[in-house]
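Asks: Below is the sequence, then the predicted model.
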Protein chains: 4
Amino acid sequence: MTQRSAAKKLTPKGAGRRDEILRKATAEFARRGYHATTITDILDGLSIARGTFYQYFANKRAIFEEILSNLLARFAGSIRPIDIDHPTASPRRQLHDNIVRVLNLVLEDRAMAKIVVAGATGMDPEFDLKVDQFTEAVRAAIIRSLSKGIEMGLVQPVDTELTATLVFGSGKELVRALADQSPDAQNVDEIAEAYIDLFARGLFTPALRDALDDDVESILHTSSGRNPVE
Amino acid sequence: MTQRSAAKKLTPKGAGRRDEILRKATAEFARRGYHATTITDILDGLSIARGTFYQYFANKRAIFEEILSNLLARFAGSIRPIDIDHPTASPRRQLHDNIVRVLNLVLEDRAMAKIVVAGATGMDPEFDLKVDQFTEAVRAAIIRSLSKGIEMGLVQPVDTELTATLVFGSGKELVRALADQSPDAQNVDEIAEAYIDLFARGLFTPALRDALDDDVESILHTSSGRNPVE
Amino acid sequence: MTQRSAAKKLTPKGAGRRDEILRKATAEFARRGYHATTITDILDGLSIARGTFYQYFANKRAIFEEILSNLLARFAGSIRPIDIDHPTASPRRQLHDNIVRVLNLVLEDRAMAKIVVAGATGMDPEFDLKVDQFTEAVRAAIIRSLSKGIEMGLVQPVDTELTATLVFGSGKELVRALADQSPDAQNVDEIAEAYIDLFARGLFTPALRDALDDDVESILHTSSGRNPVE
Amino acid sequence: MTQRSAAKKLTPKGAGRRDEILRKATAEFARRGYHATTITDILDGLSIARGTFYQYFANKRAIFEEILSNLLARFAGSIRPIDIDHPTASPRRQLHDNIVRVLNLVLEDRAMAKIVVAGATGMDPEFDLKVDQFTEAVRAAIIRSLSKGIEMGLVQPVDTELTATLVFGSGKELVRALADQSPDAQNVDEIAEAYIDLFARGLFTPALRDALDDDVESILHTSSGRNPVE
DNA sequence: AATGAATGAGAATTCATTCAT
DNA sequence: TATGAATGAATTCTCATTCAT
């Protein structure tokens, strides 16, 4: 038909314009969500006409889809597989660096980050699918790491599925918290270290840890299980 | 005019009707999110007319707001402060029961649960406020518990703010996972126990734990801090 | 989704409303064609809101499609196959009646008639197809009649395809002329008779007819065929 | 300002460009009709920029109007008045040549032909007027010929208005059929001859013709006239 | 002259809400 | 109270036309 898709060669000026729209759209989508954001919201204050938007993006779905894809790609790209036989960087070091890279990404573009963590939910099956696939990929990586750790005797034998969910949830909430905070310098290194440490060592003091074993046994054997409340 | 607000006296039949709408609306909001759900979606298959909806609820916002409030209230109600001096139940036991109550709540009404965790976010400032307030309340409770634990020498000295975020995020993801899963029996007790245990003891085996101290030191002192990647 | 299709049970008042829109739409489509007619054009002067239109018709295509289908069905219904063995009505009589029925239909609703003859062309492949199919059906009927006539020795041996095109074109133009004319009484019977007579007997006087045969021969044998002009 | 109207002096290259657009536009208008054809459709595959179009044509109406005018002029030009006293060509011969010229015109540029016959109708009052005027001119010529023929005793006394409509309609449909057909050689001479012959001699065999007179009388005297059907 | 990015008026359609019965 | 037809503001998207380069 007409001038449709996004992937046209653009003049430098055109590319700048496109980016401007992309950036603003990211901010608006992050603030209001997909449905509540109108094309007018995106263009407001940009002195760009409505028609111009459609010169650069086929439609509302297309621009969101592009933002989301970029986003997930950047997140995915900042996570690197951990090489146990690495000559200089220890596995823990590599894990640390992965977390630092992700958190720096979040700090670089908070609006962008919010879109993923705040749930691209219920906007469109296709978008949901994309986010779910990403989530699953990350969870799978965590599960693999845990399994290998258990195998090597480094990690205690835990339910890897469940543990992955918990670890992933923590990370997501951390990202959300960081994205919401004011943009003053964050000590990303320390945060990453604390994150790892929490899961590595747990919260309890060594003395307490040992004292707890009996208690656990009793809980699991007396509880009614399903509905202790109502 | 017609009857506006929600808390008016209703005949028993009216109350039943109102509940019917409320339940269906919860399901629809859970599936599609607030904006994508239309009044027609809610009423479809209910043999209740459009006009009748407005006899029971002032508008679309009002019904969502009521669902959300109920929801948060039930969640809040299922979490009870931990009494350290309790005669029979240990603190850990009380914590366990709190978690079990919340998870059972989720299993009872998955649709409802999804609405909170999947983010009533970004649809309306007022809704966001409500969810944020709830989140803050839970985080505050976690922070209080951590502080007291540290004070009592049971918990290692950690950044309570950050740790609360991580613990809360885990719980949220756990709820989301549970709400999405098929409704076959879940061993809620075991999940709660694993959840507590993860944070209590950590993942690493005791042998590994001790070996790590030097490594950590080295990471924090060599790292470039902001952008170790690009 | 929502209240969609047209085939809903309607209250008498609703049906009246629907008809009102249908009638006005027919007039507007007849005047301006499909593309140039806007929903606003249709509703103008009807004191019916834009939204109401969509309560009765799924969209612009749907209302045109309904008008067109009705139209073709009524035309088709007014043409009856000619029964050569009919006890009282001669074939010519039956043909005459067919023509009269079609012309009366045109006079009843000129707007409607114009839509078909003025070419529902180029508005939508589906519409074009529908009109083309109708046209073909009528042409086919004419061809059958001609063949049978030739077989029975009543009609001279002519190219039935070509002749059908010519006969059909005459009829179409006649309809168009009638639809455009002021609605004062037309002597439909006489028009039908003249139409039949023209094709039955031709224009030339008997004396002239015989004198022409040689001329024809000469034309066909001298002509250059393709481009006698430039 | 920029150059507006059509009839400005153009460089040879410019003139070529203009023609290129004109030809493509004709094809597109023929395929989709006026409204459904966009400027982009016209320019697609022509390596001519949007702005350039407006250097050659004031607007969309202008280019259509030019195509239509050319078209009608060429049709008009191919029809020459019949000179009864012509020294070499008989009137029938002259008529035959007129028809052949028109049909050859159609075969030369089918796209163009479709625009007129398929109805430049209902898109714009001004276009309608133009087409109507042309139609009227042709009808008037037919009427004049018929009258003269009747006067000279060559043509039977018929309703010239009505007959002209029928003859014209046949020709139009013939043109449409030719324009739609595949472009393999058509025997234009034979078609023209058949066309003339149909109207000249009619369809019925001589024997049948005479037998019909009584029947006709009876139809006209018994018929109900307006609505013999419902 | 040529270009193609920018414009913005307008078109179709949706949907929360009102209102007459 | 219940109903569902009616409403119209708001939204997405198209496309003829203009304009700076």
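Replies: Noted; the coordinates are in hand. Numbers count the residues shown, from 1 in each chain, chains lettered A, B, ... in the order given.

Asks: model confidence over stretch A:71-83, on average?
Replies: Across stretch A:71-83, pLDDT averages out at 92.

Asks: and it, C-alpha only, in CSV?
Replies: Taking only C-alpha atoms (Å, rounded to 0.1, in the frame of the first residue of the first chain), the coordinates of stretch A:71-83 have been written out as CSV:
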residue,chain,number,x,y,z
LEU,A,71,14.5,-4.2,25.8
LEU,A,72,14.5,-7.9,26.1
ALA,A,73,17.5,-8.2,23.7
ARG,A,74,19.5,-5.8,25.8
PHE,A,75,18.7,-7.6,29.0
ALA,A,76,19.5,-10.9,27.4
GLY,A,77,22.7,-9.5,26.0
SER,A,78,23.9,-8.3,29.4
ILE,A,79,23.6,-11.8,30.9
ARG,A,80,26.5,-14.0,29.9
PRO,A,81,26.8,-17.7,30.5
ILE,A,82,29.1,-18.5,33.4
ASP,A,83,32.3,-20.3,32.5
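
Asks: Tell me who's in contact with the nearest residue to residue A:49 once chain neighbours are set aside.
Replies: Taking Cβ to Cβ, 6 or more residues apart in numbering or on different chains, and ignoring the residues beside it in sequence, residue A:49 has residue A:43 as its nearest neighbour in space, at 7.5 Å. Placement of C-beta: from N, CA and C, glycine included. In this structure, residue A:43 makes contact with A:21, A:24, A:49-50, A:53, judged by Cβ atoms under 8 Å, 6 or more residues apart in numbering or on different chains.

Asks: will you turn those into a markdown table that also has distance to residue D:176 and pLDDT?
Replies: Listed next are the contacts of residue A:43 as a markdown table, based on distance: Cβ to Cβ, whole Å; pLDDT from 0 to 100:
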| residue | distance to residue D:176 | pLDDT |
| --- | --- | --- |
| A:21 | 48 | 96 |
| A:24 | 53 | 96 |
| A:49 | 43 | 96 |
| A:50 | 42 | 96 |
| A:53 | 43 | 97 |
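
Asks: Now render those as JSON lines, adding secondary structure.
Replies: Rendered in JSON lines, the data for those read as follows (DSSP: H, G, I helix; E, B strand; the rest coil):
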{"residue": "A:21", "secondary structure": "helix"}
{"residue": "A:24", "secondary structure": "helix"}
{"residue": "A:49", "secondary structure": "coil"}
{"residue": "A:50", "secondary structure": "helix"}
{"residue": "A:53", "secondary structure": "helix"}
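
Asks: Of those residues, which are in range of DNA strand F?
Replies: Checked against DNA strand F using Cβ under 7 Å from any atom of the strand, these yield the following neighbours: residue A:50.

Asks: shouldn't residue A:42 be in contact with residue A:24?
Replies: Yes. At 5.5 Å, residue A:42 counts as touching residue A:24 under the criterion of Cβ atoms under 8 Å.

Asks: For the top helix by length along chain A, buried residues please.
Replies: Longest helix of chain A, by residue count under DSSP state H: helix A:125-151. Using 16 or more other Cβ atoms under 10 Å in any protein chain shown as the burial criterion, the residues of helix A:125-151 that qualify are A:127-128, A:130-131, A:134-135, A:138-139, A:141-143, A:145-146, A:149-150.

Asks: Up against DNA strand F, what does chain A have?
Replies: If contact is defined as Cβ under 7 Å from any atom of the strand, the residues of chain A in contact with DNA strand F are A:1-2, A:37-40, A:50-51, A:54, A:58-61.

Asks: Run the contact check for the longest helix of chain A versus chain B.
Replies: Yes. Applying Cβ under 8 Å from any Cβ of the partner chain, one finds helix A:125-151 touching chain B at A:146, A:149.

Asks: Distance across stretch A:23-43, terminal residue to terminal residue?
Replies: Distance between the two ends of stretch A:23-43: 11 Å, counting by Cα to Cα, to the nearest Å.

Asks: Determine how far that stretch lies from the middle of the whole chain.
Replies: Here stretch A:23-43 is found 20 Å from its chain centre; the criterion is Cα atoms, centre = their mean, to the nearest Å.

Asks: and it, anywhere near DNA strand E?
Replies: No. Contact between stretch A:23-43 and DNA strand E is absent, the nearest approach being 8.6 Å (criterion: Cβ under 7 Å from any atom of the strand).

Asks: Mind listing what's buried along that stretch?
Replies: A:24-37, A:39, A:41-43.

Asks: what helices or strands is the strand or helix carrying residue A:173 leaning on?
Replies: Here residue A:173 is covered by helix A:160-180, with elements defined by DSSP states H and E. When contacts are defined as 3 or more Cβ pairs under 8 Å, 6 or more residues apart in numbering or on different chains; DSSP states H and E, helix A:160-180 sits against helix A:91-108, helix A:110-117, helix A:125-151, helix A:188-201, helix B:160-180, helix B:188-201.

Asks: what mean pLDDT does the shortest one have?
Replies: Here the mean pLDDT over helix A:110-117 is 84, rounded to a whole number.

Asks: residues in contact with it?
Replies: Helix A:110-117 is contacted by residues A:26-27, A:29-31, A:67-68, A:70-72, A:74-75, A:105-106, A:131, A:134, A:172-173, A:175-176, A:178-180, A:183 when judged by Cβ under 8 Å, 6+ apart.

Asks: Residue A:113 and residue A:191, how far apart?
Replies: The span separating residue A:113 from residue A:191 equals 14 Å under the rule Cβ to Cβ, to the nearest Å.

Asks: Looking at the two, which one has more neighbours?
Replies: Comparing residue A:113 with residue A:191 by other Cβ atoms under 10 Å in any protein chain shown, the one with more neighbours is residue A:113, at 25 against 20.

Asks: what's residue A:155 sitting at in phi/psi?
Replies: Residue A:155 adopts backbone torsions of phi -110, psi 140, taken as degrees, to the nearest 10.

Asks: hmm, back to that, can you flag which of the residues of chain A next to DNA strand F belong to strands?
Replies: Taking DSSP state E as the definition of strands, those contribute nothing to them.

Asks: Now for those: which two are most distant?
Replies: Comparing all pairs in these by Cβ to Cβ, the longest separation belongs to A:1 and A:37, at 25.7 Å.

Asks: and chain A, which residues reach DNA strand E?
Replies: That would be A:3, A:8, A:10-11, A:13-14, A:17, A:47-52, A:54-56, which are the residues of chain A within reach of DNA strand E (Cβ under 7 Å from any atom of the strand).

Asks: ok, the residues you listed vs chain D, which is closest?
Replies: Out of the residues of chain A next to DNA strand E, the one with the shortest distance to chain D is residue A:3. That distance is 7.2 Å, counting by Cβ to the nearest Cβ.

Asks: Just the buried ones from the contacts of helix A:110-117?
Replies: In these, burial by neighbour count holds for A:26-27, A:29-31, A:67-68, A:71-72, A:74-75, A:105-106, A:131, A:134, A:172-173, A:175-176, A:178-179, counting by 16+ other Cβ under 10 Å.

Asks: is stretch A:200-210 anywhere near chain B?
Replies: Yes. Legend: contact between stretch A:200-210 and chain B by Cβ under 8 Å from any Cβ is shown at A:200-205, A:207-209.

Asks: quick one, what contacts residue A:65?
Replies: Residues in contact with residue A:65, defined by Cβ under 8 Å, 6+ apart, are A:126-127.

Asks: That one - that's part of a helix, no?
Replies: Yes. When the secondary structure is assigned by three-state DSSP, residue A:65 falls within a helix.
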